[in-house]
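Colleague: The sequence isn't on hand, but the structure is:
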């Protein structure tokens, strides 16, 4: 099934992004998911202005999100990791309360696409997207396969359009 764009973007938009990997075990060298996000953003003409790895600590995650939303050069944030239901999976809990607007369709579509690939285990994902202080925020699972799926099927096709909408507010 191919989807047509309802409002095609006439000019490509380059978006300045921050990447935050949430993990107690990953390092800059071993963070495959962060590297996938960085590579795909670059390949699609976007800028990675910030990249870090944080432990699964809700206060640190929330503080980093709020700090990045204060940086004028950051227009979008892509977090990965901590979206499951294990006790140390705290990303969703840390950021959901900070989102002024949510994009329920993002999580719904991500889980639907995931279901087609991994079956019923997709229900354990708490992937979410929304707006925090005028910035678009995406929170993805930590799996590099899930990151690639979300980036290629959902985020990259809409990133420029979503940021343009926020620029007009």
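Modeller: Nice, I can see it. This structure is a prediction, so every number in the text was calculated from the model and none was measured. Residues are numbered from 1 along each chain as shown.
Colleague: Only the buried residues of stretch 23-40, if you could.
Modeller: Neighbour counts over stretch 23-40 (16 or more other Cβ atoms under 10 Å) mark 23, 26, 31, 32, 33, 34, 35, 36, 37, 38, 40 as buried. For every residue, glycine as well, the C-beta is placed using N, CA and C.
Colleague: before we move on, what about stretch 58-72?
Modeller: For stretch 58-72, a neighbour-count test (16+ other Cβ under 10 Å) marks 58, 61, 62, 64, 65, 68, 69 as buried.
Colleague: for these, which one is nearest residue 129?
Modeller: Checking the buried residues of stretch 58-72 against residue 129 with Cβ to Cβ, the nearest one is residue 65 at 12.9 Å.
Colleague: still on that earlier bit, can the buried residues of stretch 58-72 go into TSV with extra columns for distance to residue 11, secondary structure and pLDDT?
Modeller: Below are those laid out as TSV (distance: Cβ to Cβ, whole Å; DSSP: H, G, I helix; E, B strand; the rest coil; pLDDT from 0 to 100):
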residue	distance to residue 11	secondary structure	pLDDT
58	39	helix	97
61	34	helix	98
62	35	helix	98
64	32	helix	98
65	29	helix	98
68	26	helix	98
69	26	helix	98
